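S.K.: What follows is a predicted protein model with its sequence.
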Amino acid sequence: QVQLEESGGGLVQAGGSLRLSCAASGRTFSTYAMGWFRQAPGKEREFVACISWGGGRTRYSDSVKGRFTISRDNAKNTVYLYMNSLKPEDTAVYYCAADPYDYTGSSFAEDYDYWGQGTQVTVSS
């Protein structure tokens, strides 16, 4: 069982930056691929980024590539999402998720077994 807790969301102006954190419980964090997803009002949950067990492989959605960076610190059981050049369309609830079965991570939400409660990110124009 893994419990995930996101933090770091908030209100920021367009062009600004935020860093989201996701703290995980459990001693096997380093064996989980981790992902970030987001859901805007009235829209489906969408993939943002994922990272492999050791952090050597990352993947991003086209909408955030070049602006967001995912990383992890297995010693701290934490995964991060650095968000730069934020746009109003990045406004959403951001969720982190853990996939205990895939080394590299997945862009499909159904592949993740554990989810956090989410943190709100609002980007004003």
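M.R.: The structure has been received and is ready for your questions.
S.K.: check contacts around the residue sitting nearest the centre point of the chain.
M.R.: Central residue of the chain (Cα atoms, centre = their mean): residue 36, 2.3 Å from the mean position. The neighbours of residue 36, taking Cβ atoms under 8 Å, 6 or more residues apart in numbering as the test, are 20, 22, 48-50, 70, 79, 81, 94-97. No exception for glycine: its C-beta is placed from N, CA and C like everyone else's.
S.K.: again, but for residue 26
M.R.: By Cβ under 8 Å, 6+ apart, the contact set of residue 26 is 1-3, 77.
S.K.: export the one helix or strand residue 122 maps to as CSV, just CAs?
M.R.: Counting by DSSP states H and E, the element that carries residue 122 is strand 119-124. The C-alpha coordinates for strand 119-124 follow below in CSV (Å, rounded to 0.1, in the frame of the first residue of the first chain):
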residue,chain,number,x,y,z
THR,A,119,-3.3,20.0,-5.4
GLN,A,120,-4.9,23.0,-7.2
VAL,A,121,-2.8,25.1,-9.6
THR,A,122,-4.4,28.3,-10.9
VAL,A,123,-2.6,30.5,-13.4
SER,A,124,-4.0,34.0,-13.9
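S.K.: Just the residues contacting it, thanks.
M.R.: Here strand 119-124 has contacts from 6-14, 16, 18, 20, 38, 83, 86-94, using Cβ under 8 Å, 6+ apart.
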